[in-house]
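> Need the 3D shape of this:
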Amino acid sequence: MTTESRGPPEGLPAEVFRAFFESLEQPAALCDLELRPLACNPAFMRFCFEHGATVAQMMEALAGTKVPDEGASCDVEVTLPEGSAVVVGLARRGAAVSVVGRREPELMRGQLVMVEQALLEQARTEGVLLDLGRSVAEAGSEEELVAAVARGVKELFPGRSFCIRIIDARTGGLTSLYAEGRLREGSREPLVLKRSAVDKLHLSLERLPEGRVVVAPRVPLLFESSTAGVSAPLVASGQLYGVINLEYPSTLTEEVDVSHDDRVLVQLANQVAVAVKNAKLIDELTFVRKYLEELLEKANALIVVVNRDKKVVVFNQAISRLTGFSKEEVLGRDASWLVPEDERLRLGSVAAAALRGEPVPNFELRLRTRTGEARVSFATSSALTSQGEVEGVMAIGQDVTVVTQLEQRVIQAEKLASMGQLAASVAHEINNPMTAVVTYADVLLQRAMMAGTAAAADAEKLKKILESGHRILRFTRDLTSYARPAKERPEPVQLNALLDTAVGYCEHVVAQARVSVERDYGELPMLSGVKANLLQVFVNLITNACHAMQGGGQVSLRTRREGREVVVWVKDTGSGISPEHLSRIFEPFFTTKTEGKGTGLGLSIVQRIVEKHGGQLSVESELGRGTLFTLRFPLAD
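Numbering: from 1, shown residues only. Okay, here's the model as predicted:
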């Protein structure tokens, strides 16, 4: 509370005013503008005495105190000679200054008012910071975040100039800038941090981007006509994300508490730094996600992703171009829709393995297209959750339609190559002589039949000769049929009968190698497969077995059903395969035969045919004790 001395009211005698002044209970004195005493009441004298000082000593202690402006008032703490301190109120009216001593209750009331004001200001600050926290949390981009921070700074520090700069934590490059006020030339970059703030926040100088961030004892002013300022770096997890500068323009009239502003600005910067870090992470994750999506979509490879329910969730442009089906037509469909019906069993087994977390490095299948079919080669990998559980399967592949056509030609060439010597022998040694045999036998039979009962025994013998001759000619025709390209359309196949046919094709090789064939067939259901291709598999394996037993031996053919599989074993008692060669026998063009005896494609083609039927081919061998090939084919449901 301030007591003001206004002088005697107009028309009031000086004696009356003096009597009133001296009767005041408050300690009061009147001084000139130099704080020299003009008058004081008895209460003021007692006030000085109570605090161990005279009026003169009180006035001497007041000497040098700044006098308030006209019409203003203030409280001043005065230190007395004995070291005690009192508070007096100064009020100026014209050329007179009133001095009023503050007693303890008045001081307490003043302090309570100050505390109340401080609490109200703190509550306002906390309210603004709380609202700011909500705003930055809801910001969808760095631009929205900076705008929210700017609104908070305006509300917390009205009338001040301020600048918000956000940088890339790795490069130090400026990514956002917001300023209220006229910036000086060249003040945008670099960022200048106060050394004491860097030390307090434990920022590593080595991690600060060189040339873009400078550490100095003082931070230069950024705005024109600023008189002072404070700044706070935006630091989260030991990384610098920017800085907020707050400055006081020369036009600011209100009295400011710089230390209070500094404390509040640091609070705000700590809150904003975390929000900026999160916004940067979200932006980075969004960019990476979009980049990966674009990469999958535009990749020059066939990419399909299915979830645990085997529904297609990714179908990129490359496979869309190949099949002619748009993404909208395929997404959400079952993956089996993409393949012909006879391929669904293989696709199902591959998908089941991948969903169990087993990688399938390479498999081929036919895909449906709008105009027909295409053959593709895929490799799969499992998509895992953060807990390591399989949530889907990604298949990446390429169109091998042309490659497959070339492979068919290679297969055909391999067939002809493996039978080249036989074909020449059949053509010259069998066809021509047997044609003559059959022709003359038929003539002799006709004569014998005309001769009557006398030549009946000869006629029977001639019939057997004709029958055997025709059998040999049919055999040559079968060989010709085997050499023709096969149509890749599955059909029901009886493997036991197919093995017998393969043995028949290899009779010349078996006889030449002087080996015997042992058959041990189990009862088998019909198998869905390409008959000609499967026949080629067994002919190739039996031929290889005979080549490994040139001095005689035995080929064992055994079949059994095991659960949902049909198993075929082809075993020989030949020379065996050395360990260094065993791991390479399925490589294309790898052969241990002498030059001119083999192309090295036989077993590679055999393996490919078995895998195309959804089967598996394995081999065991021991030098000097023979080789065992095991073929496993899945049965259709």
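> Look at the residue nearest to residue 572 when sequence neighbours are not counted and give its secondary structure.
Nearest residue to residue 572, sequence neighbours excluded (C-beta to C-beta, 6 or more residues apart in numbering): residue 545, at 3.7 Å. No exception for glycine: its C-beta is placed from N, CA and C like everyone else's. On the three-state scheme (DSSP: H, G, I helix; E, B strand; the rest coil), residue 545 is labelled helix.
> I'd guess residue 568 is in a strand, am I close?
Yes: secondary structure of residue 568 (three-state DSSP): part of a strand.
> give me the number of residues near it?
26 (other C-beta atoms under 10 Å).
> The closest residue to it other than its chain neighbours: neighbour count?
Spatial nearest neighbour of residue 568, chain neighbours left out: residue 631 (4.4 Å); criterion: C-beta to C-beta, 6+ apart. Other residues near residue 631 come to 25 when the count uses other C-beta under 10 Å.
> Residue 631 is in what secondary structure piece?
strand 626-634 (DSSP states H and E).
> Now do that strand: everything it contacts.
Contacts with strand 626-634, where a contact means C-beta atoms under 8 Å, 6 or more residues apart in numbering, come from 345-346, 349, 495, 527, 529, 537, 541, 545, 548, 553, 562, 564-577, 610, 613-621.
> Quick check: buried residues in that strand?
For strand 626-634, the neighbour count (16 or more other C-beta atoms under 10 Å) marks 626-629, 631-634 as buried.
> would CSV of those with distance to residue 466 be doable?
What follows is the buried residues of strand 626-634, written out as CSV (distance: C-beta to C-beta, whole Å):
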residue, distance to residue 466
626, 41
627, 42
628, 43
629, 40
631, 39
632, 44
633, 40
634, 46
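> Any chance of CSV for these, columns distance to residue 142 and pLDDT?
Output for these, formatted as CSV (distance: C-beta to C-beta, whole Å; pLDDT from 0 to 100):
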residue, distance to residue 142, pLDDT
626, 73, 89
627, 68, 90
628, 68, 92
629, 65, 92
631, 62, 93
632, 59, 93
633, 60, 93
634, 56, 91
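> sorry, back to before: and the residue nearest to residue 572, what does it touch?
Taking C-beta under 8 Å, 6+ apart, we find residue 545 in contact with 515, 555, 570-572, 574, 627.
> and of those, the nearest to residue 459?
Nearest to residue 459 among the contacts of residue 545, counting by C-beta to C-beta, is residue 515 at 38.0 Å.
> Could I get the pLDDT score of that closest one?
You'll see residue 515 listed with a pLDDT of 90.
> remind me which residues of the stretch 451-600 of the chain are low pLDDT?
Across the stretch 451-600 of the chain, the ranges flagged by pLDDT under 70 are 452-455, 470-471, 473-488, 588-600.
> of all the buried residues of strand 626-634, which comes closest to residue 382?
Nearest to residue 382 among those is residue 634, at 21.4 Å by C-beta to C-beta.
> Pull the number of nearby residues for residue 461.
Residue 461, neighbours per other C-beta under 10 Å, totals 14.
> I'd assumed residue 76 was in a strand, is it?
Yes: assessed by three-state DSSP, residue 76 belongs to a strand.
> Who is it paired with across the strands?
Following DSSP bridges, residue 76 is listed with bridge partners residue 88.
> Any buried residues in the helix or strand residue 375 falls within, and which?
Using DSSP H and E, residue 375 falls within strand 373-384. Within strand 373-384, the residues scored as buried using 16+ other C-beta under 10 Å are 374-378, 380, 382-383.
> Can you give me the distance of the closest residue to residue 239 other than its chain neighbours to residue 188?
Nearest residue to residue 239, sequence neighbours excluded (C-beta to C-beta, 6+ apart): residue 169, at 4.4 Å. With distances taken as C-beta to C-beta, to the nearest Å, residue 169 is found 18 Å from residue 188.
> Which one of these two is surrounded by more residues?
Set residue 169 next to residue 188 and count neighbours by other C-beta under 10 Å: residue 169 wins out with 22 against 14.
> Can you tell me how far that one is from residue 198?
15 Å.
> buried set for stretch 540-553?
For stretch 540-553, burial by neighbour count (16+ other C-beta under 10 Å) applies to 540-549, 553.
> Pull the CA coordinates from that stretch and hand them back as PDB.
Extracted C-alpha coordinates of stretch 540-553, given in PDB (Å, rounded to 0.1, in the frame of the first residue of the first chain):
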ATOM      1  CA  ASN A 540      17.800 -91.600 -67.900                       C
ATOM      2  CA  LEU A 541      18.400 -93.100 -64.400                       C
ATOM      3  CA  ILE A 542      18.300 -96.800 -65.700                       C
ATOM      4  CA  THR A 543      20.700 -95.800 -68.500                       C
ATOM      5  CA  ASN A 544      23.100 -94.100 -66.100                       C
ATOM      6  CA  ALA A 545      23.000 -97.200 -63.800                       C
ATOM      7  CA  CYS A 546      23.900 -99.500 -66.700                       C
ATOM      8  CA  HIS A 547      26.800 -97.200 -67.800                       C
ATOM      9  CA  ALA A 548      28.100 -97.500 -64.200                       C
ATOM     10  CA  MET A 549      28.100-101.300 -64.500                       C
ATOM     11  CA  GLN A 550      29.900-102.100 -67.700                       C
ATOM     12  CA  GLY A 551      31.200-105.300 -66.300                       C
ATOM     13  CA  GLY A 552      27.900-106.600 -65.200                       C
ATOM     14  CA  GLY A 553      25.700-106.000 -62.100                       C
END
